[in-house]
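Enquirer: Structure of the sequence below:
(chains A and B)
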Amino acid sequence: MSRLQRLLSQPEGAVGLAILFILVVAGLLAPVISPGDPLRIAGRALLAPFTDPASPLGTDRLGRDVLAGLLYGARTSLAVGLAAAFSAMILGVCVGMVAGFAGGLVDEALMRVVDAFQIVPAFLLALAFVSTIGVSTPVIVLAIALGTWADPARLTRAQVLAIREQDYVASARVIGMHPAEIAFREILPNALPPVLALSATIVAGAILTEAALSFLGLGNPNIATWGSMIAEGRSVLRSASYLSVIPGAALAVTVLGVHLFSEGLGKALGDDGARAA
Amino acid sequence: MSDIFCSLRQLSVTYGHGAAALDRIDLDIAAGERLAIVGESGSGKSTFARALADLLPERAKVGGEMLWPALGHPPRPGRDFGFIFQDPGSSLNPVLTIGEQIAEGARRHLGLNWKQAYARAEELLGRVRMPQPDKVMRAFPHQLSGGQRQRVAIAAAIAAKPQLLIADEATSALDVVVQAEIVRLLDGLVREDGMTLLFITHDIALASGFVDRIAVFRDARLVEAGPVRSVLSAPQSDYTAELIASHRDLRTPPLIAKAAS
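Expert: Numbering: from 1, shown residues only, chains lettered A, B, ... in the order given. Model (predicted):
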């Protein structure tokens, strides 16, 4: 049974994958379903959902189409979430590998840096970073990555420390392999699976952090984001609560989907391990 | 006596500040001989194997001399000696195919390209009597049984035609039937290729069946070394006699007496 089949055979994995698939399709098809700038005025302001076929989910205080915002917001959330998690993973895995292999003083020094990043709350770090440097998508991605790379770094280091004591690493040494080759061919492929399982959680966290930043007005103002839609709807929460509820629900479903997917992935990889043992 | 392959003079190994793991060992390994290192757990026999293969942890302190007169240079891992570990479940990398792991040594030391190395790996799988070598080449270690994995590990160890094969408890993790097969296989391979074999084990009976010489270790020291026949029939030390006497087979009275009824 392939990994994909094992992933799909579990309810968590199947549901998670379905949610993510729908989101990706929605994000990709956004310009087809609702052409034009999602931030332009599309009709009368504060149109309730399901009343006008032209804007099925209604419009906000400025007459912007909620459906368009939702679709383009999915793009932003997924892109920023994935990019931030990807950068955090790359940085974390590199630092963890170096620390695990070098050992000694280098290891100590790198781990103290990791400690420093771990004790600062990730969200405060991102907030401070974005408000100092300025709002743009790459800066937001970097800000989120800086708050989350410490966990994969620690996990990778622990994996490397455990795996380098394995007999197959010793047997690679006795056939005369170069240490760098041992690192990349023997150790890295074995160290990665748990770190990859962690990555899904990081993506979910990154999506939430991005939404929180744009809720506070620190998102890129030129693109539609779910966080800024929720913030926008806050002032009319009592008269038109759907303006906050719809993007909020989208956010919740996305994070749930990512979590379910990671759960399923973890189980599928776990099966793999159990089978190998 | 034939040429000395490896000569150890006053070899000592200490881990950290603890007691010595090996205490002033003097031993010559003749080229082409099959030498068994026998001893109980903690006697230093695995440390001995790892010291020869330069696999000791960095904190270990090594004293004394290790000479390789037959080579004339320090041994190159893989090329001059091959090493077989105790547990083939952990000595094979779970994410690489069997073919890749065997071909690696051949490619590196025999100057072959990947294609030739794969051909050699398949031939080696045949030599260690693996059924369907072409299929096993593409398999991963978890798809094989313990005995099959150990055969793969042996194939990988001899891939670069080393002159010395070090088997560190290579049969201890296997059941008796597979043990006998692996020992027969090692014996055959060593004879065919004229390799020197260092067979490390706690089982003196298993070792005495096919080696030329036995060296007995106890508490980090070499107790005695000599040809199998003389060690078995006239052990010089009490410990060796005890070790031989403690061998168990089906005729030995049970260790736990039946409860009186």
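
Enquirer: what's the helix or strand hosting residue B:65 packed up against?
Expert: When secondary structure is defined using DSSP states H and E, the element that contains residue B:65 is strand B:60-67. Counting contacts by 3 or more C-beta pairs under 8 Å, 6 or more residues apart in numbering or on different chains; DSSP states H and E, the secondary-structure elements packed against strand B:60-67 are strand B:4-15, strand B:20-30, helix B:45-52. In short, each C-beta sits where N, CA and C put it, glycine included.

Enquirer: Partner strands of that strand and their direction?
Expert: Using DSSP bridges, the strands paired with strand B:60-67 in its sheet are strand B:4-15 (antiparallel).

Enquirer: May I have the partner strand as CSV, with CA atoms only?
Expert: Coordinates of the C-alpha atoms in strand B:4-15 are reproduced here as CSV (Å, rounded to 0.1, in the frame of the first residue of the first chain):
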residue,chain,number,x,y,z
ILE,B,4,51.6,-11.6,10.7
PHE,B,5,48.7,-9.6,9.3
CYS,B,6,48.1,-7.5,12.4
SER,B,7,50.1,-7.2,15.5
LEU,B,8,48.9,-5.6,18.7
ARG,B,9,51.3,-4.6,21.4
GLN,B,10,50.1,-3.5,24.8
LEU,B,11,46.8,-2.3,23.3
SER,B,12,44.7,-0.5,26.0
VAL,B,13,41.4,1.3,25.7
THR,B,14,39.8,3.4,28.4
TYR,B,15,36.4,5.1,28.2
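
Enquirer: just the helices in the stretch 51-200 of chain B please.
Expert: Per DSSP state H, counting those that start in this stretch, the stretch 51-200 of chain B has helices spanning B:88-91, B:98-110, B:114-127, B:133-137, B:146-157, B:176-193. These are given in chain order.

Enquirer: Can you tell me the closest non-neighbouring residue to the residue nearest the centre of chain A?
Expert: The centroid of chain A falls nearest to residue A:203 when counting by C-alpha atoms, centre = their mean (1.7 Å). Once flanking residues are discounted, residue A:203 sits nearest to residue A:85: 4.3 Å by C-beta to C-beta, 6 or more residues apart in numbering or on different chains.

Enquirer: Quickly find the element holding that neighbour.
Expert: For residue A:85, the enclosing helix or strand under DSSP H and E is helix A:66-102.

Enquirer: for that helix, which positions count as buried?
Expert: Residues A:66-78, A:80-89, A:91-93, A:95-101 are the ones in helix A:66-102 that count as buried (16 or more other C-beta atoms under 10 Å in any protein chain shown).

Enquirer: helices and strands around the very next helix or strand once past that helix, which ones?
Expert: As assigned by DSSP H and E, the chain's next helix or strand after helix A:66-102 is helix A:104-119. Packing partners of helix A:104-119 (3+ C-beta pairs under 8 Å, 6+ apart): helix A:66-102, helix A:150-163.

Enquirer: With just CA atoms, put whichever helix or strand comes after the shortest one into CSV.
Expert: Just to be clear, that refers to helix A:150-163. Using DSSP H and E, the helix or strand that follows helix A:150-163 towards the C-terminus is helix A:167-174. Taking Å, rounded to 0.1, in the frame of the first residue of the first chain, the C-alpha atoms of helix A:167-174 are listed here in CSV:
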residue,chain,number,x,y,z
ASP,A,167,25.1,0.9,13.6
TYR,A,168,24.3,1.8,10.1
VAL,A,169,26.2,5.0,10.5
ALA,A,170,29.1,3.0,11.9
SER,A,171,28.9,0.6,9.0
ALA,A,172,29.0,3.5,6.6
ARG,A,173,32.1,4.6,8.4
VAL,A,174,33.7,1.2,8.1
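
Enquirer: The closest residue to residue A:50 other than its chain neighbours: neighbour count?
Expert: Closest residue to residue A:50 apart from its sequence neighbours, by C-beta to C-beta, 6+ apart: residue A:56 at 6.5 Å. Other residues within reach of residue A:56 by the criterion other C-beta atoms under 10 Å in any protein chain shown amount to 13.

Enquirer: Name the SS class of the residue nearest to the centre of chain A, please.
Expert: Reduced to three states with DSSP: H, G, I helix; E, B strand; the rest coil, the structure at residue A:203 is helix.

Enquirer: any idea how far it is from chain B?
Expert: In this structure, residue A:203 and chain B are separated by 24 Å, where distance is defined by C-beta to the nearest C-beta, to the nearest Å.

Enquirer: Hmm, that residue is touching residue A:259, no?
Expert: No: between residue A:203 and residue A:259 there is no contact, the gap being 9.5 Å when judged by C-beta atoms under 8 Å.

Enquirer: can you list the weak-confidence ranges in chain A?
Expert: Across chain A, the stretches falling below the confidence threshold (pLDDT under 70) are A:1, A:270-277.

Enquirer: Quick one: name the residues of it near chain B.
Expert: A:166-168, A:170-177, A:185-186, A:189-190, A:275-277 (C-beta under 8 Å from any C-beta of the partner chain).

Enquirer: so who does the residue nearest to residue A:50 touch?
Expert: With C-beta atoms under 8 Å, 6 or more residues apart in numbering or on different chains as the criterion, the residues that contact residue A:56 are A:49-50, A:67.

Enquirer: And the one residue sitting closest to the centre of chain B, how far from chain A?
Expert: Ranked by distance to the mean C-alpha position of chain B (C-alpha atoms, centre = their mean), the top residue is residue B:167 at 1.1 Å. Relative to chain A, residue B:167 is positioned 12 Å away (C-beta to the nearest C-beta).

Enquirer: That residue touches residue B:198, doesn't it?
Expert: Yes: taking contacts as C-beta under 8 Å, residue B:167 lies within contact range of residue B:198: 6.9 Å.

Enquirer: Verify the contact between residue A:218 and residue A:128 for me.
Expert: No: with contact taken as C-beta under 8 Å, residue A:218 and residue A:128 are classed as non-touching, separated by 10.4 Å.

Enquirer: So for the two, which sits in the more crowded spot?
Expert: Using other C-beta under 10 Å, the more surrounded residue of residue A:218 and residue A:128 is residue A:218, with 22 against 12.

Enquirer: helix or strand for that one, which one?
Expert: Residue A:218 belongs to no helix or strand, assigned by DSSP H and E.

Enquirer: separation between it and residue B:71?
Expert: 68 Å (C-beta to C-beta, to the nearest Å).

Enquirer: follow-up on the earlier one: starting at the chain centroid, how far to the strand holding residue B:65?
Expert: Between the centre of strand B:60-67 and the centre of its host chain there is 20 Å, according to C-alpha atoms, centre = their mean, to the nearest Å.

Enquirer: Mind splitting chain B into its structural domains?
Expert: Per the record, chain B has its domains at B:1-79+B:161-260, B:81-160, by the TED database.

Enquirer: And the last one, end to end?
Expert: Spelled out, it's domain B:81-160. End-to-end distance for domain B:81-160, by C-alpha to C-alpha, to the nearest Å: 9 Å.

Enquirer: Number of residues surrounding the closest residue to residue A:129 other than its chain neighbours?
Expert: Spatially, and ignoring its direct neighbours in sequence, residue A:129 is nearest to residue A:143 (3.9 Å; C-beta to C-beta, 6+ apart). If you count neighbours by other C-beta under 10 Å, residue A:143 ends up with 26.

Enquirer: ok, now residue A:117?
Expert: By the other C-beta under 10 Å criterion, the neighbourhood of residue A:117 contains 18 residues.

Enquirer: Get me the contact residues on the stretch 1-150 of chain B for chain A.
Expert: Where proximity means C-beta under 8 Å from any C-beta, the interface of the stretch 1-150 of chain B facing chain A comprises B:53, B:55, B:76-79, B:81-83, B:85-87, B:90-96, B:104-105, B:108-109, B:140-142.

Enquirer: Only whichever of these are buried, select them in PyMOL.
Expert: The following PyMOL command selects only the buried members of those, with burial defined by 16+ other C-beta under 10 Å:
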select buried, chain B and resi 53+55+77+78+79+81+82+83+85+86+87+90+91+92+93+94+95+96+104+105+108+109+140+141
